[in-house]
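>>> Need coordinates for the following:
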Amino acid sequence: MPILLEEWQKRLERHFTQLASARSTSRFPLFALEHGLTKDELNEIGGLLRSHLAEHTWISPQWLVWVVYATEFGYGYHGDEYWPSFEERTPFWRERGSRNRLKSWFCKFQITYEGVTPSGQWAEWFRIIAWPITHAILPRYLQGQLAKTLFDLRYSLARLDDLSPLAVGEFLSSNSWYGSSRFREFLQQEELVGRIVLALLSDKRVEGDSPIYPPTLQRIVSDLEAVQSSREWLKETRRYVANSFEGAGHSGGGPAYGAGVRPINIRDSNNERPTIRPKLMLRSSVSSAFSLVVEIPSFAAIARVNPQLRAFLKLTRSKVAGTGGTWMPAGWLLSCSQRRVMKSWTGAGAPVLSFEQPNSILDHLVDSEMRLSAKSNASKKEFRSTHAVSGCGQGSSSLADKEDFQNPSYSGIFASKVSLSSDRAGTKNRLEPSS
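Model (predicted):
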C-alpha cells in the first residue's frame, strides 16, 4: 500500500530533526539534499505530488515533501533553466502552484533545521531558484567543473602538507579562478568542499564531524564519476596525488597555503617549470601573406604559488605591446594561453606585456622574461619557409620584404634564420631556430 503524503512528511520531519540534533554542536548547516531517500522513494513522492495537483485545485500542504522534490530538480540543474523543466515534469504547477510559496517553505526549512541560506551575487539575481539549487549542494552542472579544477591543480594538491578537509577546501577556494560564478560561490563552503574532494581522491575515511550526510556524499561522488570526462580527470588526478593523499583526512588543522604547501621546485621532474616566455607564430592570412602572432602563456602556474599575485592578476588589466593598445580584461592572463596579432614592432628592449597598475614582482618577471631584443650586427631578418602549400612546392619567402621588422629576436630566438614548421592543419607556423 502506497505511503500517503502525510506519512512522507512525518518521516522527513523525523529524519531532519535527528540530523539537525546531531549537527547542533557544529557550524555546519543542513541541506535538503540530505534527505536520505532512495531513487524509488523519490519517484513515489513525485508521483503523489503530481497526482494531488491533478485532482485538486490547491497545492498539497506537505511543505517538507515539496522542498525535497524541488531540491531534486536543483540537483539536476544544468545551468541554463530551472522552471521550464520543473513545470514540464509537474503538470498543473503553473496553474495551481506558487513559486513564492515554495521559497517560503525553503525559508521555513532554514529556520526549523538550521538549513543553509543562499548567498552571493548569484543568489541576489535569482532569489527563488537559488534555494533549491543551493540545497542541492553540488548540482550536476558543477560536478564537471570541480573535476576539471582538481585536474588543473593536481600538482599543487600533491604538495599540500595539510590534508584536513578545511585545508583542502581553503586551497581550492584560494586557487581556483575558472568556472562559473556559481561554482566559485560553491567553493566558498570550504569545509564542505574539502570533504567532497577527499571522498573523491582518497580511499581513507575522513575523521571528525561531517558537514554532509554520508549517503548523500556517496551519491555525489558516484554521480560525478559516472560522467566520462569527469571520470578521466579524476583518474589522472588520483594517479598523481595517490602517495600524498594516503591517509588523507587524518591531519590536523593548519594553513592551506604558504607554510602548508611545500615550495615549488622549478626543476621538479614531475612538473614542468612554469614559464611566461612568449612565442611568435606566423599565421597565413592570404595566399601570399602572413600575420605575425604572439602567444602569451598563461600566468596560472605563477599565480598559484603566490596569493598576492593571484589577486593582482584577477583585478588588473594588461596590454600586449604592438597589438593596438587595447587593454585586456582583468583575469585574462589566468586562463589558457592567449594569442594576439601584432600590428607593429615595438623595437628592441621593450617588454611585450604591461599592466595597468604597477606590481614590483610581476614587473620584474615581465622585464626579465618577456623583453624583445634585436641583433645589432644584422641588417634584416630572413625567414625560410618550409610550409608546403597545396599545389606548390617548398619555397623561400622573406618576411622582412613584406613587413618593416628590424631583426626581432624573441623567446630565445637569436639565429639569423628560423624555419617555419607547419602544424597539422597547415594554417599556422611556429618560429623555430634553424640548425
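
>>> Now do the domain split for the protein, please.
The domain map for the chain lists 5-134, 155-205+227-260, 279-433, with the assignment taken from automatic domain parsing.

>>> For the ones you listed, give me TSV that also has mean neighbour count and distance to Tyr213.
Placement of C-beta: from N, CA and C, glycine included. What follows is those, written out as TSV (neighbours: other Cβ atoms under 10 Å; distance: least, Cβ to Cβ, whole Å):
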stretch	mean neighbour count	distance to Tyr213
domain 5-134	17	4
domain 155-205+227-260	18	11
domain 279-433	15	33
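
>>> I'd like those as TSV, with distance to Leu146 and mean pLDDT appended.
Below are these laid out as TSV (distance: least, Cβ to Cβ, whole Å; pLDDT from 0 to 100):
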stretch	distance to Leu146	mean pLDDT
domain 5-134	14	93
domain 155-205+227-260	7	75
domain 279-433	17	63
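
>>> would you list those in JSON lines and tack on distance to Gln143?
Compiled in JSON lines, the domains of the chain are given as follows (distance: least, Cβ to Cβ, whole Å):
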{"stretch": "domain 5-134", "distance to Gln143": "10"}
{"stretch": "domain 155-205+227-260", "distance to Gln143": "6"}
{"stretch": "domain 279-433", "distance to Gln143": "21"}
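
>>> Let me know which of those is the nearest to Leu142.
Among those, the nearest to Leu142 by Cβ to Cβ is domain 155-205+227-260 (5.2 Å).

>>> Show me how far the closest one is from its chain's centre.
When distances are taken as Cα atoms, centre = their mean, to the nearest Å, domain 155-205+227-260 is centred 13 Å away from the chain's centroid.

>>> Also stretch 314-330?
The offset between the C-alpha centroid of stretch 314-330 and the centroid of the whole chain comes to 23 Å, using Cα atoms, centre = their mean.

>>> Which residues does that stretch contact?
177, 294, 296, 313, 331-334, 338, 340-346, 350-357, 359, 372 (Cβ atoms under 8 Å, 6 or more residues apart in numbering).

>>> try 6 Å this time
Defining contact as Cβ atoms under 6 Å, 6 or more residues apart in numbering, one finds that stretch 314-330 is touched by 331, 333, 340, 342-344, 346, 350, 352-357.

>>> tell me the two of the residues you listed that are most distant?
The widest separation within these (Cβ to Cβ) is 26.2 Å, between Gly331 and Ser344.

>>> re the thing from before, of the contacts of stretch 314-330, which belong to strands?
Residues from the contacts of stretch 314-330 lying in strands, with DSSP state E as the criterion: Arg340, Leu353, Ser354, Phe355.

>>> List the contacts of the third one.
With contact set as Cβ under 6 Å, 6+ apart, Ser354 has these partners: Lys319.

>>> Next one: it from Leu292, what distance?
Shown here: Ser354 relative to Leu292, a distance of 19 Å by Cβ to Cβ, to the nearest Å.

>>> Minimum distance to Pro215: which of the domains of the chain has it?
Of all the domains of the chain, the one in closest proximity to Pro215, counting by Cβ to Cβ, is domain 5-134 (5.7 Å).

>>> phi, psi of Gly331?
With angles defined as degrees, to the nearest 10, Gly331 shows backbone torsions of phi 90, psi -10.

>>> Pull up the gap between it and Ala303, please.
When distances are taken as Cβ to Cβ, Gly331 and Ala303 turn out to be 10 Å apart.

>>> how far away is Leu150 from Val168?
Using Cβ to Cβ, Leu150 is found at 10 Å from Val168.

>>> any shared contact partners between the two?
The overlap between the contact sets of Leu150 and Val168 (Cβ under 6 Å, 6+ apart) is empty.
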